[in-house]
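# how would this look folded up:
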Amino acid sequence: MLEKIVNSKSKTFIAFCFCFLAGIVVASLVNKKFDFIYFYFFFIFLSGFIMIFWHDRKTRFIFISCLLFLLAFIRYNFALPSDDKNSISYYNGTDFYFEGVIDAEPDVRIDGVGYIVKPDNFKDKVYFKSKLYPRYEYGDRLKIDCTLQKPERIEDFRYDMYLARLGVFSICLNSKIEKISGNEGEPALRSLGGTGNFVLKNILNFKQIFAERINKLWHEPYAGFMAGLLYGYRGGLGNLQADFNRTGITHIVAISGYNISIIAIILITICVHLWIPRKYAFWLISFGIFLFVIFTGAGGSVVRAGLMGFLVLLAQQLGRLNRINNA
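Residues are numbered from 1 along each chain as shown. Sure thing, here's the model as predicted:
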């Protein structure tokens, strides 16, 4: 009887998850920003019916599913840029001058470096690609004069949606860049936001040191391959990347649960040899996984792998048995 109840709850939870995902899919197909007054109306309407029919299991399930579908629509609506002057995408198609801070780890490739900049006083972000040198770092404050353009689909690749997931709805063309300050800037300049997040900055600095050590040990493309194996870097693979794509083994240089498992096993071994109690080892290992996720750039696949690794550790910590349906 208990197992039937657990299985029933698992199926209900899975159904609710699919309702939320269905809302995201439909919202992405519509891809239009709606006034929030409509969302408020439907949210109050559905919440009221859930309370009225709370004791009717089937009706309650239907209205909760509809509410989750609506919440997914609202979540997608939040991600879209606004149509007013508070969004820098409003100025797409014009020459524009702005100041901003590099908001993410630079994407270093063989032919150049991609940067994501958070402009001052605007909601969304801007992407531009520059030469390998001069090199800018996370947290640098820049002056940028360029032509803003809306990202477009490239053949069968939704380049616009690829950037949208990063909060980018404008790209800079023919950009003229001037660095105002960086991580070494004056305190007065740091107050403008020119240093970024302190923790992330230090993690990325350590990552840069790590990359330099790899480059001293191997030359390209072997250095890029090792960096890809260790922390998902793909900038130095060159033609090797195309070979991986053709043979279907790109996952070799993608961070996944395999990498998280290696990190967890290494940390568990260290904790065992240092005689660290299990309840303290759990937090140390979890923190180690968290740092590794940030270290690799916190991409979607890494975050998923990190969460699954944490759930496995948490289950062991609580003494819970695994259940494949839940996984």
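# use CA for all of it now, contacts and neighbours both
Will do.
# using the three-state scheme, assign Ser301.
Classification of Ser301 by DSSP: H, G, I helix; E, B strand; the rest coil places it in helix.
# then Asn121?
coil.
# tell me which residues touch it, please.
Listed by Cα atoms under 8 Å, 6 or more residues apart in numbering, the contact set of Asn121 reads Asn86.
# over to Ser175?
Here Ser175 is in contact with 128, 144-147 (criterion: Cα under 8 Å, 6+ apart).
# mind running it again at 6 Å?
Going by Cα atoms under 6 Å, 6 or more residues apart in numbering, Ser175 touches 145-146.
# can you give me the distance of it to Lys123?
Using Cα to Cα, to the nearest Å, we find Ser175 at a distance of 20 Å from Lys123.
# tell me where the protein has helices.
Here the chain has its helices, by DSSP state H, at 2-30, 36-52, 57-79, 159-164, 187-190, 198-217, 222-231, 239-247, 257-273, 278-295, 300-318.
# got JSON lines for those, with mean pLDDT too?
Output for the helices of the chain, formatted as JSON lines (pLDDT from 0 to 100):
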{"stretch": "helix 2-30", "mean pLDDT": "79"}
{"stretch": "helix 36-52", "mean pLDDT": "82"}
{"stretch": "helix 57-79", "mean pLDDT": "87"}
{"stretch": "helix 159-164", "mean pLDDT": "83"}
{"stretch": "helix 187-190", "mean pLDDT": "40"}
{"stretch": "helix 198-217", "mean pLDDT": "81"}
{"stretch": "helix 222-231", "mean pLDDT": "78"}
{"stretch": "helix 239-247", "mean pLDDT": "75"}
{"stretch": "helix 257-273", "mean pLDDT": "84"}
{"stretch": "helix 278-295", "mean pLDDT": "85"}
{"stretch": "helix 300-318", "mean pLDDT": "84"}
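# which of the ones you listed sits closest to Glu105?
helix 198-217 (7.4 Å; Cα to Cα).
# and the helices of the chain, which is most packed in?
By mean neighbour count, with neighbours taken as mean count of other Cα atoms under 10 Å, helix 222-231 ranks first of these at a mean of 20.
# ok and it relative to helix 198-217, angle-wise?
140 degrees (axes from the mean of the first three to the mean of the last three Cα atoms, to 10 degrees).
# give me the angle between helix 222-231 and helix 257-273.
Going by the same axes, to 10 degrees, helix 222-231 makes 70 degrees with helix 257-273.
# so how far is helix 222-231 off the chain centroid?
Distance of helix 222-231 from its chain centroid, counting by Cα atoms, centre = their mean, to the nearest Å, is 21 Å.
# cool, stretch 212-220 as well?
On Cα atoms, centre = their mean, the centre of stretch 212-220 falls 27 Å from the chain's centre.
# got the buried residues for stretch 93-104?
99-104 (16 or more other Cα atoms under 10 Å).
# ugh, wrong one, stretch 109-122
Buried residues in stretch 109-122 (16+ other Cα under 10 Å): 109, 113-119.
# just these: which are in strands?
By the criterion of DSSP state E, membership of these in strands covers 109, 113-119.
# could you dump those residues into a markdown table and include distance to Lys11 and pLDDT?
Listed next are those as a markdown table, based on distance: Cα to Cα, whole Å; pLDDT from 0 to 100:
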| residue | distance to Lys11 | pLDDT |
| --- | --- | --- |
| Arg109 | 44 | 76 |
| Val113 | 46 | 86 |
| Gly114 | 43 | 87 |
| Tyr115 | 43 | 89 |
| Ile116 | 41 | 89 |
| Val117 | 43 | 89 |
| Lys118 | 42 | 88 |
| Pro119 | 45 | 88 |
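# for those residues, which one is nearest Ala164?
Closest to Ala164, out of all of these and judged by Cα to Cα, is Ile116, at 11.7 Å.
# residues in contact with the closest residue to the closest one other than its chain neighbours?
Spatial nearest neighbour of Ile116, excluding adjacent residues (Cα to Cα, 6 or more residues apart in numbering): Tyr127 at 4.6 Å. Tyr127 makes contact with 115-116, 171, according to Cα under 6 Å, 6+ apart.
# before we move on, the earlier item: now the two most distant members of the ones in strands among the buried residues of stretch 109-122.
Every pair of these checked by Cα to Cα; the farthest is Arg109 and Pro119, at 23.5 Å.
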